[in-house]
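Q: Prediction below, plus the sequence it came from.
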Amino acid sequence: MARRLLTLLAALLLALSLGQSPASAASFANPVKAQKGADPWIAYHDGNYYLVTTSWTDVITVRKAPTLAGLATAPSVQVWKGDAASRCCNIWAPELHHLNGRWYLYYVAGQNVSDYNPTQRSHVLESAGSDPMGPYTYRGQLNSAWMLDPHVATVNGTLYLFGSTSGGGTQNIVAARMSNPYTVSGSFRTISTPTLSWERQGGTVNEGPEILQRGGRTFLTYSASGCWTPDYKLGQLALTGSDPLSASSWTKKATPVFQRDDAAGVYGPGHNGFFTSPDGSESWIVYHANDSSSDGCDNGRTARAQKFTWNADGTPDFGAPVALGSGLAGPAGEPSAVLRTYTLTNRNSGKCLEVAGGSTADGADVRQYACNGGSNQRWRLEDRGDDTHRLVNAATGKVLDTADCSSADGADLRQWSWLDNTCQRFRFMATDGGHVRIVNQATGKVADVANCSTADGADVRQWSWLNNACQQWRLTLV
């Protein structure tokens, strides 16, 4: 644990120092997400990265930032909450895919908190439009039996669903045809089982299938061995036949392609995704790993990213996982600046949330005012590791607070010294049009502009959710 804290601190200090200098701002340091970083997936769209990870709860959150470095401090915005008993709990391994003009969110969920593992099934959500932040609606369950890690990809013009199921005492990679992004149209066929010794360390496991394509060739990476061991690692299949549903069409590489590096302090790297740099010139891998050989298959895993290259024979070369805190050049084509503070602009009034007069006093009023670029209108949105955040004012260093921890409609929102209580923790929940509601963790009530005023100085308070524009805010990097 001490080593983890030191490495995370080194990464944070390096990232902050890099963020102060536009000349080096494209650099970053792993982890790209230190809290709830397991099973990471990154999609790049319209100038931003979108990162999703396992939540272990009944919600899915998305982080959005124009740079990899920015993902480390971007707020986690809730885009979905389990909506039925059959899919309520322990959400794992979400992935975002853009298909036919919409976004589809694939994920795994169980039926209850205490006995979730046997009931885990794969599901899919569909966006209302072209925004990865949603809103989303539930489209359906993708399988009738236990299956983890759903992943979709088009191979030879046909859409396939890949996943991991149990059978014969092992966990195997399976695939099936799809008629559309939310409908499986054929039976699942097993395409890989853990037959090699390095796939059977601590558990006989093949899971986390991910398709990688380049130059007309198709590869499938997968995670092998027990995720609770430091020997969790990546293996690779190459499509060498014509039928992706036939095991004989896939050729397994005899050795792992990405694995622990004790010298770098990286253990159990696995469950990856792929993305390309903003300019399309570079290939990148995102994955989770531990920084101690004794860490397990839980929230201690952090999300990490690094560039990889290609061998002369057209196969990927992932190299070795880099140590936490190592300075890395960011993906080519990113913006030059890494921004880490946000303005919160009311949807109804177009005015910004601020600390009145930039006062540093406990109890200073939080209100709306015409956006002017002042530091008292800038906020750091700091992840507390439980899908909540503290909102730290850039001018004062104090946090947004519900007065006296009141649960009443109309209770004042103010600034106060950090007390680490739930009255000072807030969730961001996506609405539509890129807006969020700011929900207090203690009370469940939202930041609201009093009487829907558009005036400078109008008070911001908490109120029950009414689904109006006065209770919605836009988060903007500044």
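A: Done, it's in.
Q: Domain map for this structure?
A: 2-328, 342-477 (automatic domain parsing).
Q: quick one: average confidence on the helix or strand hosting L96?
A: L96 is part of strand 89-99, with elements assigned from DSSP states H and E. The predicted model assigns strand 89-99 a mean pLDDT of 97.
Q: and that strand, how far from the chain's centre?
A: 9 Å (CA atoms, centre = their mean, to the nearest Å).
Q: do stretch 425-442 as well
A: Averaging C-alpha positions (CA atoms, centre = their mean) puts stretch 425-442 16 Å from its chain's average.
Q: And stretch 346-361, by the same measure?
A: With CA atoms, centre = their mean, you get 29 Å for stretch 346-361.
Q: One more: stretch 243-261?
A: 26 Å.
Q: Let me know the next secondary structure element after the strand holding L96.
A: For strand 89-99, the following helix or strand on the C-terminal side (DSSP H and E) is strand 102-110.
Q: Now do the helix or strand that that next one is followed by: which elements does it pack against?
A: As assigned by DSSP H and E, the chain's next helix or strand after strand 102-110 is strand 121-127. Judged by 3 or more CB pairs under 8 Å, 6 or more residues apart in numbering; DSSP states H and E, strand 121-127 is in contact with strand 102-110, strand 136-141, strand 148-155. (C-beta placed from N, C-alpha, C; glycine too.)
Q: okay if I get the ones you listed as JSON lines plus mean neighbour count, mean pLDDT and distance to Q306?
A: Below are those laid out as JSON lines (neighbours: other CB atoms under 10 Å; pLDDT from 0 to 100; distance: least, CB to CB, whole Å):
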{"stretch": "strand 102-110", "mean neighbour count": "23", "mean pLDDT": "97", "distance to Q306": "24"}
{"stretch": "strand 136-141", "mean neighbour count": "15", "mean pLDDT": "98", "distance to Q306": "30"}
{"stretch": "strand 148-155", "mean neighbour count": "21", "mean pLDDT": "98", "distance to Q306": "20"}
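Q: Excluding sequence neighbours, find me the nearest residue to S249.
A: Among residues not flanking S249 along the chain, G241 sits closest, at 2.8 Å (CB to CB, 6 or more residues apart in numbering).
Q: and A2, what pLDDT?
A: In this model, A2 is scored at 43, pLDDT.
Q: quick one, helices of the protein?
A: 2-19, 68-71 (DSSP state H).
Q: Comparing the ones you listed, which yields the minimum mean pLDDT?
A: It's helix 2-19: among the helices of the chain, that one has the lowest mean pLDDT, namely a mean of 42.
Q: Give the residue spans of the chain that score low on pLDDT.
A: Across the chain, the ranges flagged by pLDDT under 70 are 1-26, 115-116.
Q: any chance of the helices and strands packed on strand 121-127 in CSV, with distance to S359 too?
A: Output for the helices and strands packed on strand 121-127, formatted as CSV (distance: least, CB to CB, whole Å):
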stretch, distance to S359
strand 102-110, 42
strand 136-141, 40
strand 148-155, 50
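Q: Tell me which of the ones you listed sits nearest to V399.
A: strand 136-141 (30.2 Å; CB to CB).
Q: May I have the strands that pair with the closest one, each with its orientation?
A: According to DSSP bridges, strand 136-141 forms sheet pairs with strand 121-127 (antiparallel).
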